[in-house]
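Visitor: sequence first, predicted model second:
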Amino acid sequence: MPDNPKRKGPRDDKRISTQPHEIQYWKKKLNVSGQQLAGAKKATGSTSAKVIKEYLKNKKK
């Protein structure tokens, strides 16, 4: 079943998707830019929200 772009939050809150509405959600939730989010995904090699949150948290220190 395709993702519903009218839905405000992510379909799976454990994964960060490439859907534009989900990217917007995670940028706001994590208080980062799109470039920072993409960089974190690339650096970690993961789409796991938990892994990316931890990476960004450590990066801000």
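Guide: Thanks, I have it.
Visitor: which stretches of the chain aren't confidently modelled?
Guide: 1-11 (pLDDT under 70).
Visitor: any idea how far whichever strand or helix holds Val51 is from the middle of the chain?
Guide: Following DSSP states H and E, one finds Val51 within helix 49-60. Its chain's C-alpha centre and that of helix 49-60 lie 10 Å apart, by Cα atoms, centre = their mean, to the nearest Å.
Visitor: repeat for stretch 30-43
Guide: Its chain's C-alpha centre and that of stretch 30-43 lie 7 Å apart, by Cα atoms, centre = their mean.
Visitor: I figured Glu22 hits Lys28, correct?
Guide: No - look at Glu22 against Lys28 with Cβ atoms under 8 Å: they stay out of range, at 10.9 Å. Every C-beta, even on glycine, is put in place using the N, C-alpha and C of the backbone.
Visitor: out of those two, which sits in the more crowded spot?
Guide: Taking other Cβ atoms under 10 Å, Glu22 and Lys28 do not tie; Glu22 has more neighbours (21 against 9).
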